[in-house]
Structures are given as structure tokens and as C-alpha cells.
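Visitor: Provided below for reference: sequence and predicted model.
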Amino acid sequence: MRSVLCIVGIGVVLLLLAGCFTSDIGGGSSSPTAPCNCTGPDLNCADFSTQAEAQACLDYCRGRGYGDIHGLDGDDDGRACESLP
Ligand SMILES: [Ca+2]
Ligand SMILES: [Ca+2]
């Protein structure tokens, strides 16, 4: 009797775990708020239409520890793509 309870308990735990994983997969389309991809392909100022977009990408990648991986801030003053509107 005790082992039956044990098996039922394990089954419940597995169901809960499965629920966690499926909800993760369902809600986890890769970072919809990311302004750009910090791991490539390489971006340049010409790939952004405004300075704010380039800035968001620069700040985002710096915040994640990638630094100015796309080379958007060539003079390293903290402002990305000064040439953009
Ligand atoms: Ca680049
Ligand atoms: Ca700059």
C-alpha cells in the first residue's frame, strides 16, 4: 500500500513538472522585447532607422555583458549612431 502511494506521489510530481515545462515553452518565444540580437548577425548604424533604436540595442547588449558588440558607438561616448535622426 505504501509503495502505491509513493508511485501516485511521483506521478503527481511529474505532472506538475510537465505543466511547468509546457507553460514555459508556451510563453517563451525568444525575448520579444529585445531591441536586437547581441550574438549576431552583426549590425551597423545603417540597419537602424533612428538613433533611439540603435541606442536601445547598444544599451541592451551592454546591459547583458556583450558590450558594444555591433560597433554602434565607435567613439565610445555612450551614444550610439550619432549620425542617425
Ligand atoms: Ca557592426
Ligand atoms: Ca558615440
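Guide: Received the coordinates, thanks. Numbering: from 1, shown residues only. Ligands and ions are numbered 1, 2, ... in the order given.

Visitor: how does this structure divide up, domain by domain?
Guide: Domain ranges of the chain: 1-30, 33-85, per automatic domain parsing.

Visitor: confidence-wise, which of those domains is weakest overall?
Guide: Across the domains of the chain, domain 1-30 has the smallest mean pLDDT, namely a mean of 54.

Visitor: and this structure, which residues reach ligand 2?
Guide: 73, 75, 77, 79 (C-beta under 5 Å from the ion). Just so you know, the C-beta spots here come from the backbone N, C-alpha and C atoms, and that holds for glycine as well.

Visitor: among these, which pair sits farthest apart?
Guide: Comparing every pair within the residues of the chain next to ligand 2 by C-beta to C-beta identifies 75 and 79 as the most remote, at 8.4 Å.

Visitor: quick one, which of those two is more surrounded?
Guide: residue 79 (13 against 7; other C-beta atoms under 10 Å).

Visitor: any idea which helix or strand carries the more buried one?
Guide: Assessed by DSSP states H and E, residue 79 sits outside every helix and strand.

Visitor: that one and residue 73 touch, don't they?
Guide: Yes: the criterion here is C-beta atoms under 8 Å, and residue 79 meets it with residue 73 at 6.5 Å.

Visitor: who touches both of those two?
Guide: Residues touching both residue 79 and residue 73 (C-beta atoms under 8 Å, 6 or more residues apart in numbering): there are none.

Visitor: tell me the helices in the protein, going along the chain?
Guide: 2-27, 51-63 (DSSP state H).

Visitor: the shortest one: which residues count as buried?
Guide: When neighbours are counted by 16 or more other C-beta atoms under 10 Å, the buried residues of helix 51-63 are found to be 51, 53, 54, 55, 56, 57, 58, 60, 61, 62.
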